[in-house]
Every structure is written in C-alpha cells, then in structure tokens.
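Enquirer: Give me the fold of what follows.
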Amino acid sequence: MAKGIAFFDFDGTITTTDSYFQFLLFCFGWKGVIGNALKILPILFSYAFKFCDNETAKQSITSTFFKGMSEKKFDGLCQNFVNTRLDSIVRPNAIEKIKWHQAQGHKVYIVSASFTKYLKYFAQKYNVEVIATELEVSDGKITGWFASRNCWGPEKIERINEAVPDLDTYDETYGYGDSKGDKIGMLAIVTHPEYRVF
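Expert: Modelled structure (predicted):
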C-alpha cells in the first residue's frame, strides 16, 4: 500500500460556511456580535475594502471578543460548540473523503486559519491531526493575541513542513481547499490538489 497523507482546509472546505463567525454567534448571540463589531467598525471596513490583511482583522476581532476570558471558560465554549453546533455546517461528503483516506491508511490533517482550541475537539471526534492558529494564554486567560501566525496561505506551507518534515517521503500527497490562500498555500505542494471538490 502506498504511503499517503492528506491535508484538508476547514472553513469552506469541510464546512459550508466560516466556522469562526458561527463560533462568535454561539458564544455571544447576534446582539453580542453586533455590539462588539461596532467597536471595531474601522477595522472591519478596512478589511472589506482590502486596506488591511486577514491576520490584522482577525487579530482585532479576537482581542475585542475574547481578551481577558479565562482559558477554562473559553475551552468549555469550544467543546460545547463542537458538540452541539459545528456538525450542522459540516459537509457529509468531506467527512466521507476523510474516512476514505483513513481506510487507505493515509495520515489526515486539518490545516486551518481557525483556532486549534476548538478544532482539536473536532479532530478528536474524527481521529485526525490539526495544524491551525494558536491563541496566546497568560495567567490562565486569553490575551487576545495569537501565539502563532495566522495559518493562512503560505503560512500553511510553513506549518505543514514543521509538522511533517518527512513530507517528501510520502508516495501520495493530497490537498483539499477552497480559497486563493489554499491555491498559493498547501495545494501548491501536494501531488493531488483538489479545489472546491465538495
């Protein structure tokens, strides 16, 4: 059997929509999301008109919503979100493809700009590995800052190479993505790039 490995983007590939926005709604409801969004309207407008990048906007959003929250509370929200809400936006055919790879004996990774803290529960459920954006924690509280670069685009290549330094030893490498960031990122380094197949 050929030695294989597969990398799946999460938002828009495994899911039908952006999971981070759904996570914010789960944690704060529409009223809370709108109230916090009003605090950072300049950043949101700048991102919408491409005056600031994805990482800057996401950093600002994360800080506004979660800075000062205890890690224990945040972790509980993450687990509850995965257990009660996340499956409603997951594509069944993407899960089928993950299971197909596992049946072939392939290693499977989720590579995502979303946060490791909630993706780890999804990963445990489906027995896959996670490479994602890390949140900084200090004195048991979310600082609002990232502990790693936002795992998007070329950063996905860097993170994959760190996690799988022997990538060139695999006979078959697969990548599944849905965005420009995936095209210039992990889909560029695999032998079987699949774009928006789900």
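Enquirer: okay, CA-based contacts and neighbour counts for the rest of this
Expert: OK.
Enquirer: who's in contact with the helix or strand containing residue 79?
Expert: Secondary structure from DSSP states H and E places residue 79 in helix 71-84. The contact list for helix 71-84, computed with CA atoms under 8 Å, 6 or more residues apart in numbering, reads 23, 26-27, 117-119, 121-122, 137, 140-142.
Enquirer: Quick one: which of these is the most crowded by neighbours?
Expert: residue 119 (25 neighbours; other CA atoms under 10 Å).
Enquirer: okay, the contacts of helix 71-84 in CSV with secondary structure, pLDDT and distance to residue 178 next?
Expert: What follows is these, written out as CSV (DSSP: H, G, I helix; E, B strand; the rest coil; pLDDT from 0 to 100; distance: CA to CA, whole Å):
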residue, secondary structure, pLDDT, distance to residue 178
23, helix, 97, 20
26, helix, 97, 24
27, helix, 97, 26
117, helix, 94, 22
118, helix, 93, 21
119, helix, 97, 18
121, helix, 97, 22
122, helix, 96, 19
137, strand, 97, 30
140, coil, 97, 35
141, strand, 98, 33
142, strand, 97, 30
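Enquirer: Pull up the pairing partners for the lengthiest strand in the chain, direction included.
Expert: If you go by DSSP state E, the chain has its longest strand at strand 107-115. In the sheet, strand 107-115 lines up against strand 4-8 (parallel), strand 129-133 (parallel) (DSSP bridges).
Enquirer: Residue 97: which of those strands is closest?
Expert: strand 4-8 (9.9 Å; CA to CA).
Enquirer: Just the strands from this structure, written as ranges.
Expert: Under DSSP E, the chain gives strands at 4-8, 107-115, 129-133, 135-138, 141-146, 172-177, 192-195.
Enquirer: mind exporting the longest one as CSV, just the C-alpha atoms?
Expert: Spelled out, it's strand 107-115. Provided in CSV are the C-alpha atoms of strand 107-115 (Å, rounded to 0.1, in the frame of the first residue of the first chain):
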residue,chain,number,x,y,z
LYS,A,107,-2.5,10.3,7.7
VAL,A,108,-5.0,13.1,7.7
TYR,A,109,-4.5,16.7,8.8
ILE,A,110,-6.8,19.7,9.1
VAL,A,111,-4.8,22.8,8.2
SER,A,112,-6.8,25.9,9.1
ALA,A,113,-6.7,29.5,10.0
SER,A,114,-9.3,28.8,12.6
PHE,A,115,-8.2,28.1,16.2
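Enquirer: I am finished for the moment; much appreciated.
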